[in-house]
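Student: here is a sequence together with a model predicted from it:
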Amino acid sequence: MKKIAIITSGGDAPGMNAAITAVVKAAARRGIECIGIKRGFNGLLTISDDNQKDLQRFDLETVLDNADRPGTQLRTARCDDFRKPEFQKKGADTLRKLGVDAVVVIGGDGSFQGALRLVEQGIPCVGIPGTIDNDLAFTEMTLGYETAVQVCTEAIRDIRATSRSHNRPHVVECMGRHCGDIALKAACATGAEIVLVPEVKWDIETVAQRLCYQIRKENPRATIVIAEGCWDSMMPFDAYSYLNPRGKKFREDDKMNASFLASILQRKCIDILGLNEGSPTRYHDEGDELAVRSTVVGYTQRGRMPVAKDSAFAFEAGHLAVSLLCKGYTGQVIGTRHGRVFHMDMADALKEKRTFRHDLYDLVNDIRD
Ligand code: ADP
Ligand code: F6P
């Protein structure tokens, strides 16, 4: 083993830089050179004799300085061409030309599919899970997930403080693509009253009833934490016919979002609680009997300096990746199980089915069994 290449791919995740540093450091101790391929698989496809812009030569000093920074110093991207066999072959040929003996791919399941294609082309690869979404079944941890949960937790706590002052419910949207883990964990961490995720079917009427229950219980600052993918599991609701006669513009081609959900819940709760007859209530706010606001936490979830747990996992994973490659392993992914870092076959890992913590979901939503 003389030369290892590192690729970060998919959405960036806090901890990716720490993993890069760990790989470079572990390799340097064994006298192995490390190079970086910039912009995910895109970079691999653009490197040529005449164009080395996407090639990064690592120097230990600069890498060490990057370990605790968010993002990825190698940049990242999504590369549709890499799904095509001719481009996978081109990528493998480039790696061979560069004298690369093995690759560490840091990314999510899509990136690992790309890594598997390189393995099929004869390039040894090891994967380190880097995605805030926590959507990989084989591992308890993915780089960036704990950090994203921390960002959402802080945002929700801040929002609950202002919601309390105004007696206002609030919808807060977290990332996670088709996975509700960030939303669920942040909801648990903040004592939020309602959580909506793509893993569990839900309907607006029931959510409005649950919110009204909170309001009747003198808790009008209830927080509805939603995962960005929760619209996938929402029961059909005609937002156009509901909102437009009630003074809110919803065009036929509009998609549901946190702001529309807040508007619908506001109007439904006013109806359910009988607040629409002009009777002043203790929920009075700027002339509205009840106001429901919304916030999308957004990309701040990806841009934060990694929390200790993510950085420490990155460090161990980078160390293990180099050690595995030196022992001749290929097509392996690294993860954690029962809190310990381990490795397993990449193809088998990607076949594992995710489980969702329905018990915690029910507890947050106060659903009795
Ligand atoms: P993540 O790695 O976070 O899941 P994506 O699903 O966007 O992110 O995948 C990242 C990249 O991995 C894609 O842009 C593509 O270059 C590569 N990739 C995804 N799926 C495949 C596949 N089936 N074959 C080859 N490459 C793939
Ligand atoms: O996979 C990480 C993630 O942040 C998802 O939570 C989100 O849906 C997606 O990436 C956003 O991707 P983009 O950066 O392309 O907007």
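Tutor: Received, thanks. Ligands and ions are numbered 1, 2, ... in the order given.
Student: quick one: stretch 168-177 near ligand 1?
Tutor: No. Stretch 168-177 lies apart from ligand 1 when judged by Cβ under 6 Å from any ligand atom; the minimum separation is 8.3 Å. Using the backbone N, CA and C atoms, a C-beta is placed for each residue, glycine as well.
Student: for that stretch, measure first residue to last.
Tutor: The straight-line separation of the ends of stretch 168-177 (Cα to Cα, to the nearest Å) is 27 Å.
Student: hmm, that stretch in reach of ligand 2?
Tutor: Yes. Using Cβ under 6 Å from any ligand atom, we find that stretch 168-177 touches ligand 2 at 175, 176, 177.
Student: tell me the contacts of residue 363?
Tutor: Going by Cβ atoms under 8 Å, 6 or more residues apart in numbering, residue 363 touches residue 188.
Student: host element of it?
Tutor: Counting by DSSP states H and E, the element that carries residue 363 is helix 358-364.
Student: got it, and residue 51?
Tutor: Going by DSSP H and E, residue 51 is not in any helix or strand.
Student: what distance do you get for it to residue 140?
Tutor: 40 Å (Cβ to Cβ, to the nearest Å).
Student: ok, back up a step: closest one to residue 86 out of the residues of stretch 168-177 next to ligand 2, please.
Tutor: Closest approach between the residues of stretch 168-177 next to ligand 2 and residue 86, by Cβ to Cβ: residue 177, at 28.2 Å.
Student: doesn't the closest one belong to a helix?
Tutor: No. Applying DSSP: H, G, I helix; E, B strand; the rest coil, one finds residue 177 to be coil, outside a helix.
Student: I'd say it and residue 135 touch.
Tutor: Yes. Between residue 177 and residue 135 there is a contact under Cβ atoms under 8 Å: 6.6 Å.
Student: ok, residue 51 and residue 140, which is more surrounded?
Tutor: Applying other Cβ atoms under 10 Å to residue 51 and residue 140 shows that residue 140 carries more neighbours, namely 14 against 9.
Student: Three-state assignment for the more buried one, please.
Tutor: coil.
Student: grab the nearest non-local neighbour of it.
Tutor: residue 336 (4.7 Å; Cβ to Cβ, 6 or more residues apart in numbering).
Student: what's the closest of the residues of stretch 168-177 next to ligand 2 to ligand 1?
Tutor: The shortest approach to ligand 1 among the residues of stretch 168-177 next to ligand 2 belongs to residue 177, at 8.3 Å (Cβ to the nearest ligand atom).
Student: can you tell me the closest non-neighbouring residue to that closest one?
Tutor: Once flanking residues are discounted, residue 177 sits nearest to residue 133: 5.1 Å by Cβ to Cβ, 6+ apart.
Student: sounds good, over and out.
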